[in-house]
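Asker: structure of the sequence below:
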Amino acid sequence: MKDRPKNRTPLRVAIVGAGKVGTVLGRVLMEEGARITAVVSRSRSSARTAASYLRCRTYADALTAIPSATDIVFITTPHDAVGPVAETLSRLEGLEYGRMGACHASGMLSAAVLEPLGQRGMAVFSFHPLQTFPRSFAPRKIVPTARGIWYAADGSPRGLHMAARLSRALRGHVIQVPPEFRELYHASCVVASNHLTVLLSALREMYGSVAGKEAVSLEPFRPILEATIHNVLATSPREALSGPVARGGVDTVAKHLRAVSVSVPALLPYFTRMTLETARLASEKGTLSAERRKAMEELINPYMQDSSLPGKRT
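Answerer: Numbering: from 1, shown residues only. Next comes the predicted model:
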């Protein structure tokens, strides 16, 4: 862990929502020198559990527990609860709204959902962590992956200033996402995490057919997976693309399609669509001629029609 900045007043943060996101990011804040002033959740029991992990003495199932000595209220509830929390919070007495900030961790919502708090004088901003927080993982397993990450923010200049302050306390970074692109941004996060997980599930199922095991390890694929990600990040997806489609190997692709349709037919829709997308990227890269791309598309199209899958099991 890096040395903490000296001679700075610790950031005081109240966590609203005792799920994985609030608990994990609260822990990172605590370990980096911030002070968690309160943990509030719909369930007092879950608030108590999270507060214990965050070394916070104040926990409750009501927002009135948030002390005035709080700099930022971090709302980490599901997105459909953010608006109601903001409405309730805006009606409390005893908070110094004018010097405080409030943010939420929803990827779908912009800072506009916190407008009731903005009207009370709070600096409001969205603050979505660009990371995965699996519900089946214990918080201590996720904390190491929650440092140095990026947070998608929008808000007023004052809100963005506070977002930068919160990200520094988390040793993270801020990217600004315009409110009108919030939903597309969130869909991008789904591709980065959920779709990647599904891709690896498809890999596991295909390799499982080869290895003859139901629960096959993906460890042999670790080098190629890590090298691919390294190459993409070092250059671009287009420049890092390799393989039979990029080389125009129509005959090889034909054999792949037959093999998938026979051994793992449930994955054929996925495999055909991804092969078409690979061909599009290879065409953009300039390694796949228009003639070869057309030949691949003509090869793939019959496999995309349920009624005429070559080699389909009946």
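Asker: how close does the residue nearest to R12 when sequence neighbours are not counted sit to A123?
Answerer: In space, and not counting its chain neighbours, R12 is closest to D71: 4.6 Å by Cβ to Cβ, 6 or more residues apart in numbering. Every C-beta, even on glycine, is put in place using the N, C-alpha and C of the backbone. Noted for D71: a distance of 10 Å to A123, by Cβ to Cβ, to the nearest Å.
Asker: more neighbours, those two?
Answerer: A123 (27 against 22; other Cβ atoms under 10 Å).
Asker: how close does the more buried one get to L117?
Answerer: Remark: distance between A123 and L117 (Cβ to Cβ) = 9 Å.
Asker: list residues touching both of those two?
Answerer: A102 (Cβ atoms under 8 Å, 6 or more residues apart in numbering).
Asker: show me what the host helix or strand of D251 is packed up against.
Answerer: D251 is located in helix 250-263, with elements delineated by DSSP states H and E. Contacts defined by 3 or more Cβ pairs under 8 Å, 6 or more residues apart in numbering; DSSP states H and E place helix 250-263 against helix 196-211, helix 268-285, helix 290-300.
Asker: please repeat the previous calculation with a cut-off of 7 Å.
Answerer: helix 268-285, helix 290-300 (3 or more Cβ pairs under 7 Å, 6 or more residues apart in numbering; DSSP states H and E).
Asker: so for it, mean pLDDT?
Answerer: What helix 250-263 shows for mean pLDDT is 95.
Asker: list the contacts of the residue nearest to I300 when sequence neighbours are not counted.
Answerer: Closest residue to I300 apart from its sequence neighbours, by Cβ to Cβ, 6+ apart: T272 at 5.2 Å. With contact set as Cβ atoms under 7 Å, 6 or more residues apart in numbering, T272 has these partners: I300, Y303, M304.
Asker: gap between the first one and E284?
Answerer: Right, I300. Taken as Cβ to Cβ, the span from I300 to E284 is 18 Å.
Asker: who's more crowded, the two?
Answerer: Shown here are I300 and E284; by other Cβ under 10 Å, I300 has more neighbours (18 against 12).
Asker: looking at it, the more buried one is touching L276, isn't it?
Answerer: Yes: using Cβ atoms under 7 Å, I300 is in contact with L276, at 6.0 Å.
Asker: where does the stretch 51-200 of the chain have low pLDDT?
Answerer: By pLDDT under 70, the stretch 51-200 of the chain has no low-scoring segment.
Asker: so what's the residue count around the nearest residue to L267 once chain neighbours are set aside?
Answerer: In this structure, L267 finds its nearest non-sequential neighbour in A202, 5.4 Å apart by Cβ to Cβ, 6+ apart. Neighbours of A202 under the rule other Cβ under 10 Å: 17.
Asker: do I have it right that A202 meets Y270?
Answerer: Yes: proximity of A202 to Y270 meets the contact threshold set by Cβ under 7 Å, at 5.8 Å.
Asker: so V39 makes contact with Y53?
Answerer: No: assessed by Cβ under 7 Å, V39 is found out of contact with Y53, at 9.1 Å.
Asker: between these two, which one's more packed in?
Answerer: Applying other Cβ under 10 Å to V39 and Y53 shows that V39 carries more neighbours, namely 29 against 20.
Asker: brilliant, that's me finished.
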